[in-house]
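Colleague: Just a sequence and a predicted model for now, questions to come.
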Number of protein chains: 2
Amino acid sequence: MTEIADAAPAPLGPGEVVLAFDVGGTDTKSALVDRGGRLLGLRRTPTPLDGGRTAEAVVGLVAELAAELRAAHPDLQPVAAGLLVPGIVDAERGVGIYASNLGWHDAPIRDLAEAALGLPVAFHHDVTAASWAEHRLGAARAHDDVVVLVIGTGIAGSLILDGRPHLGGGFAGEIGHSPVAEGPRCACGARGCLETIASAGAIARRYTERSGVEVDGAREVLARAEAGDAEAREVWEAAIDALGFAVAQLAATVAPEAIVIGGGLSRAGDALFAPLASRVDERLSFHRRPLLVPARLGGDAGLLGAALIARESAAA
Amino acid sequence: MTEIADAAPAPLGPGEVVLAFDVGGTDTKSALVDRGGRLLGLRRTPTPLDGGRTAEAVVGLVAELAAELRAAHPDLQPVAAGLLVPGIVDAERGVGIYASNLGWHDAPIRDLAEAALGLPVAFHHDVTAASWAEHRLGAARAHDDVVVLVIGTGIAGSLILDGRPHLGGGFAGEIGHSPVAEGPRCACGARGCLETIASAGAIARRYTERSGVEVDGAREVLARAEAGDAEAREVWEAAIDALGFAVAQLAATVAPEAIVIGGGLSRAGDALFAPLASRVDERLSFHRRPLLVPARLGGDAGLLGAALIARESAAA
């Protein structure tokens, strides 16, 4: 039987003092991490969008935030910074290849940030680093082969295989853009992508398309489905079916021990996990059945991941 | 554009003298590998099936074949043996977990073989080791992230990620048993498995079901499709569609640089590779498009893989 796990969160723990930045399409989160692993001065700042110069503007903001954090904590000397960005990332070369919301192409963000901060910068993909934090500190601690799915407006993902992130040149883990059906057309240009059916955004949008009723997100669609609304039920079930299909695909090809599910939709709890586990069960036979695990680190998983990679790079 | 590659085979090359065994559901292949990497005394022997004692019978055959090879080449002293079996394999513990054709469950095959041969035995899954040979010597030499598909009676697969086999506890790479549709029911117990639509066996069977005409394999279905037979065309196109869907899934999740395709169906050449590349193209957008590469080592890929892992274990 496909099981649903429960796990307690763990703190970042002792280590070097580092800066942590998690750049999102809307906000940038920042903090200074002390020797005890506490996140000091944690705040959100709007991410500056400046067309073709957004990479430079983002690095400028990061330098400003770093200066403020250092001024506020003159007794703490960061030895490195961790910097995360969304999109397609070449972590090895330190390059943001592409990010639809931020508009950059092949931007040498790590080099720019190292010059601006005067510190070594560990640079990575946001969801990969957040997943690494779930693997090292959170829901996936017990497992070497893990897939993390973050289901919100879209669906992002990340693979940790044999205890290491599997990056595929920055292109692996795009589970939201894996095909599960013949349609609908996805904003990415492909068709039948998982996130066109099963993201929280898609669930709300598809319900409104069918019913003409505006809703406050996937949560309201679920509430309506539970109250007996047939259209809400159909949209919700289609999402669970598509997720079950994608999870079964992963079980057959990658065979993870656990699939960690985070993001807004994961807050549906049992209403998501119980039917999903049963869909996955129906689809599989001799396969290794992944444990389905709710993410544990919440919205700070990215910052914790940034801190982890900064500390690891400082120790290397 | 999804490209189709061409690559030349390479020999096994110089190294230690080892024994190589590739146990299949029907035949067992065996050879002695000399210092120059030549396969000496290569032969096929029927695999002995003995119900609950098949593991012991197979090891007995392997010991006999080893004695014959040593007797025929008294000047060559093997330092290790490579032994491959099909099914679900725990390579680390040296255990054959399950093989539908051979009937064993949790059989400690490596220990039995080491005792019988008086040599260290490198033990692995047949398709994984054959894929490793394609990665080290054959079609996938240039790439670190590779998926190998062997399309014959069924569809077997194997993942090499970041230059290492990704095993998933022996359960990874079962691409033939990943879902691509709602039906039909697969012999494995799941439904909509890729191999129920796209294996050479399925293509022949599905054509016969539709047309009532017995055919000599998928090759004949392809010939009939090319000659304008509508039912043959429908079955062939459904197979290519399903393969394109599975390849697109892999591109989104694992993002391999190359997908190596071997087995009987790969001998269709351009009639397979060209439409498959175009189906994959239609399904993808920003993804990393895998190079589609015909396997190069042919039927000896398993023995070459057995020799490679034996040499690697001797060097470790």
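Modeller: Received it, and whenever you're ready, just let me know what you need.

Colleague: Now whichever residue of the stretch 101-250 of chain A sits closest to chain B: phi and psi?
Modeller: Proximity to chain B, evaluated over the stretch 101-250 of chain A using CB to the nearest CB, is greatest for A:Gly168 at 2.9 Å. Heads up, the C-betas are built off the backbone N, CA and C, glycines and all. Dihedral pair for A:Gly168: phi 60, psi 50, per degrees, to the nearest 10.

Colleague: got it, and A:Ala200?
Modeller: Comment: the main-chain dihedrals of A:Ala200 come out as phi -60, psi -40, following degrees, to the nearest 10.

Colleague: ok, now A:Val79?
Modeller: Here is the backbone geometry of A:Val79 (degrees, to the nearest 10): phi -100, psi -10.

Colleague: from memory it sits against A:Ala314, does it?
Modeller: Yes - with contact defined as CB atoms under 8 Å, A:Val79 reaches A:Ala314; the gap is 4.8 Å.

Colleague: that older thread, for the residue of the stretch 101-250 of chain A closest to chain B, give its distance to A:Leu303.
Modeller: Taken as CB to CB, to the nearest Å, the spacing of A:Gly168 relative to A:Leu303 amounts to 25 Å.

Colleague: who touches the nearest residue to A:Ile109 once chain neighbours are set aside in this structure?
Modeller: Leaving aside its chain neighbours, A:Ile109 sits nearest to A:Gly96 (4.8 Å; criterion: CB to CB, 6 or more residues apart in numbering or on different chains). Residues touching A:Gly96, when contacts are defined by CB atoms under 8 Å, 6 or more residues apart in numbering or on different chains, comprise A:Ala55, A:Val85, A:Gly87, A:Ile88, A:Val89, A:Leu102, A:Trp104, A:Asp106, A:Ala107, A:Ile109.

Colleague: Quick one: these as CSV, columns for pLDDT and secondary structure too.
Modeller: Converted to CSV, the contacts of A:Gly96 look like this (pLDDT from 0 to 100; DSSP: H, G, I helix; E, B strand; the rest coil):
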residue, pLDDT, secondary structure
A:Ala55, 96, helix
A:Val85, 96, strand
A:Gly87, 88, coil
A:Ile88, 88, strand
A:Val89, 93, strand
A:Leu102, 88, coil
A:Trp104, 92, coil
A:Asp106, 94, strand
A:Ala107, 96, strand
A:Ile109, 98, helix
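
Colleague: out of those, which one sits closest to B:Pro256?
Modeller: Here the nearest of the contacts of A:Gly96 to B:Pro256, counting by CB to CB, is A:Ile88; it sits at 15.9 Å.

Colleague: Look at the closest one and say how many residues are nearby.
Modeller: 20 (other CB atoms under 10 Å in any protein chain shown).

Colleague: can you check the one 3 residues further on too?
Modeller: A count of nearby residues for A:Ala91, using other CB under 10 Å, gives 18.

Colleague: Repeat that for A:Glu114.
Modeller: 19.

Colleague: Narrow the contacts of A:Gly96 to those that are buried.
Modeller: Buried members of these, scored by 16 or more other CB atoms under 10 Å in any protein chain shown, are A:Ala55, A:Val85, A:Gly87, A:Ile88, A:Val89, A:Leu102, A:Trp104, A:Ala107, A:Ile109.

Colleague: picking that back up, the residue nearest to A:Ile109: which element?
Modeller: Assigned by DSSP states H and E, A:Gly96 belongs to strand A:95-98.

Colleague: Okay, buried residues for that strand please.
Modeller: In strand A:95-98, the ones that count as buried by 16+ other CB under 10 Å are A:Val95, A:Gly96, A:Ile97, A:Tyr98.

Colleague: could the residues you listed be laid out in CSV, adding distance to A:Tyr207 and pLDDT?
Modeller: Compiled in CSV, those are given as follows (distance: CB to CB, whole Å; pLDDT from 0 to 100):
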residue, distance to A:Tyr207, pLDDT
A:Val95, 39, 97
A:Gly96, 34, 95
A:Ile97, 34, 92
A:Tyr98, 31, 87
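
Colleague: ok, A:Asp27 touching A:Arg43?
Modeller: No - under the criterion of CB under 8 Å, A:Asp27 is not in contact with A:Arg43, lying 9.3 Å apart.

Colleague: who touches stretch A:39-53?
Modeller: Contacts of stretch A:39-53 from elsewhere in the structure, counted by CB under 8 Å, 6+ apart, are A:12, A:20, A:23-34, A:54, A:56-58, A:60-61, A:65, A:68-69, A:72-73, A:76, A:102-103, A:300, A:303-304, A:307.

Colleague: Tell me which entries of these lie within strands.
Modeller: A:Ala20, A:Val23, A:Asp27, A:Thr28, A:Lys29, A:Ser30, A:Ala31, A:Leu32, A:Val33 (DSSP state E).

Colleague: that older thread, now, among the buried ones among the contacts of A:Gly96, which is nearest to A:Ala239?
Modeller: Out of those, the member with the shortest distance to A:Ala239 (by CB to CB) is A:Gly87, at 24.5 Å.

Colleague: That closest one: what's it in contact with?
Modeller: Residues in contact with A:Gly87, defined by CB under 8 Å, 6+ apart, are A:Gly96, A:Ile97, A:Tyr98, A:Ala99, A:Ser100, A:Asn101, A:Leu102, A:Trp104, A:His125.

Colleague: Tell me where the stretch 51-200 of chain A has helices.
Modeller: Taking DSSP state H, counting those that start in this stretch as the criterion, the stretch 51-200 of chain A carries its helices at A:54-72, A:109-117, A:126-136, A:195-198, A:200-211.

Colleague: Flag the shaky bits of chain A, pLDDT-wise.
Modeller: Counting by pLDDT under 70, the low-confidence segments of chain A come to A:1-10.

Colleague: Outline the domain layout of it.
Modeller: Domain assignment for chain A by automatic domain parsing gives A:18-131+A:299-315, A:141-295.

Colleague: and those as TSV, adding distance to B:Arg289?
Modeller: Written out in TSV, the entries for the domains of chain A read as follows (distance: least, CB to CB, whole Å):
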stretch	distance to B:Arg289
domain A:18-131+A:299-315	13
domain A:141-295	9
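
Colleague: Out of these, which gets nearest to B:Ala190?
Modeller: Of all the domains of chain A, domain A:141-295 sits nearest to B:Ala190, with 4.4 Å by CB to CB.

Colleague: gap between the closest one and the chain center?
Modeller: Shown here is domain A:141-295, whose average C-alpha point lies 13 Å from the average C-alpha point of the whole chain (CA atoms, centre = their mean, to the nearest Å).

Colleague: coming back round to it: shared neighbours of A:Val79 and A:Ala314, anything?
Modeller: For the pair A:Val79 and A:Ala314, residues contacting each of them under the criterion CB under 8 Å, 6+ apart are A:Glu16, A:Val18, A:Pro120.
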